[in-house]
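Enquirer: below is the structure, and that's it, no one-letter string:
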Ligand code: PEP
């Protein structure tokens, strides 16, 4: 039985004050939420304050990126130990906006992933195809390339600590969601790769989140798919009521 994860990626939104106010509002409402894990991903500047506000609650804190080195001359970057120091337990790696805006490669995703695991952070690794790739019928090939490149050299035990987010690039921030069936089909491709590379047990336990214009109105149908183990939510995670409605997705 895989415990679902509902994670919010706040991207470059929210001041420290806004981020803390969000957590204070969300905290009491998720206290009795046993059905899923709840994670929020503030910008670097608000991590410490959000971690302090979330302390003792069910809300876990994710950074949106990290550097693979422990320290060094890397202007603008943040190391794994700095994230731990700021109170993070999770880190988002390889988001399509980082791949696109910063030219992040599968190899760099792999370096970041290994550094996160070595530090004891839970990585949420994003993969997903562009519209062009989907229309060219290359979705499965792209997922395989990202999977094999991103997860190269991991032991099965390291792999068991990872969460994957399948985020078709054409669905991120566009209002265009993959159908639950489309998402489930890509999740199945990823699970099959996981089984081949890291064993059946790890594949069965792997949590694969869907991301791409998830909102309160579509989360129920997505979560009804056996293959979908939660969501990575961008836009709709910025408002506490909207995020809470996603956390409390319809269940029977
Ligand atoms: C994301 O940023 O990971 C994302 C899925 O964004 P949105 O929900 O806004 O599409």
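Expert: Perfect, I can see it now. Because the structure is a prediction, the values reported are computed rather than measured.

Enquirer: which elements pack onto the host helix or strand of residue 28?
Expert: Using DSSP states H and E, residue 28 sits within helix 16-30. Where contact means 3 or more CB pairs under 8 Å, 6 or more residues apart in numbering; DSSP states H and E, helix 16-30 is packed against strand 37-41, helix 47-54, strand 59-63, helix 240-247. (Each C-beta comes from the backbone N, C-alpha and C, glycine too.)

Enquirer: got the residues of the stretch 51-200 of the chain near the ligand?
Expert: 167, 172, 173 (CB under 6 Å from any ligand atom).

Enquirer: helix/strand/coil for the last one?
Expert: Taken by DSSP: H, G, I helix; E, B strand; the rest coil, the conformation at residue 173 corresponds to coil.

Enquirer: list just the nearest of the residues of the stretch 51-200 of the chain next to the ligand to residue 182.
Expert: residue 167 (12.5 Å; CB to CB).

Enquirer: pLDDT wise, what is that closest one at?
Expert: pLDDT, residue 167: 97.

Enquirer: wait, it sits on residue 129?
Expert: No. If you go by CB atoms under 8 Å, residue 167 and residue 129 don't touch, sitting 9.4 Å apart.

Enquirer: for those two, indicate the residue with more neighbours.
Expert: Neighbours were counted for residue 167 and for residue 129 using other CB atoms under 10 Å; residue 167 has more, 29 against 24.

Enquirer: quick one, what contacts the more buried one?
Expert: Shown in contact with residue 167 (CB atoms under 8 Å, 6 or more residues apart in numbering): 95, 96, 126, 127, 128, 210, 211, 212, 232.

Enquirer: which one is it nearest to, not counting chain neighbours?
Expert: Nearest non-adjacent residue to residue 167, counting by CB to CB, 6 or more residues apart in numbering: residue 211, 3.7 Å away.

Enquirer: test my guess that that neighbour contacts residue 165.
Expert: Yes. Contact criterion CB under 8 Å: residue 211 and residue 165 qualify, at 4.9 Å.

Enquirer: okay, now the residue of the stretch 1-150 of the chain found nearest the ligand: neighbour count?
Expert: Closest approach between the stretch 1-150 of the chain and the ligand, counting by CB to the nearest ligand atom: residue 9, at 4.4 Å. Residue 9 has 26 neighbouring residues, counting by other CB under 10 Å.

Enquirer: ok, and the closest non-adjacent residue to it?
Expert: residue 41 (4.5 Å).
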